[in-house]
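A.B. asks: Got a predicted structure plus its sequence, pasted below:
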Amino acid sequence: MAGLSPTQRTLAAMREQGRVCGIVEKFNAHVGPFGIRQDFLGFIDIICVDPAQGIVAVQSCGQDWSGHVAKMLGERNENMFAWIKHAPIELWAWRKVKLKRGGKAMRWTPRVGDVRLLENGDLVIEERK
């Protein structure tokens, strides 16, 4: 899957898990001199239907895991708080990992985190192991 975007990698991985999914972010060419990508509700790149969890919102990114965690937890996105009360949110970040210690062969691997709403109203992201 060389040359694929993080969103395309996430779609392929989720479809392998039996999820039905689609991209909901869009490109708006009318904003700024070069346009921007706009996430649905300000934080969703992909919406999928999981056989076990139902509807799931997914934020997909490249290697900037910590930047996306900080952004998701730092911004008070009311849409995110409204969504998480009814359906799960996941963060998928993609990075190249060596297949063997000391080897040269690399493979794209997802780092997946589940966004949780605590009883005190704070959001946390728990990385899956």
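C.D. replies: Here it is on my side, so go on.
A.B. asks: Spell out which helix or strand contains residue 14, please.
C.D. replies: helix 6-16 (DSSP states H and E).
A.B. asks: Follow the chain on from that helix and name the next helix or strand.
C.D. replies: Counting by DSSP H and E, the next helix or strand C-terminal to helix 6-16 is strand 20-23.
A.B. asks: helices or strands next to the helix or strand following that next one in the packing?
C.D. replies: Following strand 20-23 in sequence order, the next helix or strand is strand 26-28 (DSSP H and E). Secondary-structure packing of strand 26-28 (3 or more CB pairs under 8 Å, 6 or more residues apart in numbering; DSSP states H and E): strand 36-38. The C-beta positions use only the backbone N, C-alpha and C, and glycine is treated the same way.
A.B. asks: that older thread, now the helix holding residue 14, how far from the centre of its chain.
C.D. replies: Relative to the centre of its chain, helix 6-16 is centred 10 Å away, using CA atoms, centre = their mean, to the nearest Å.
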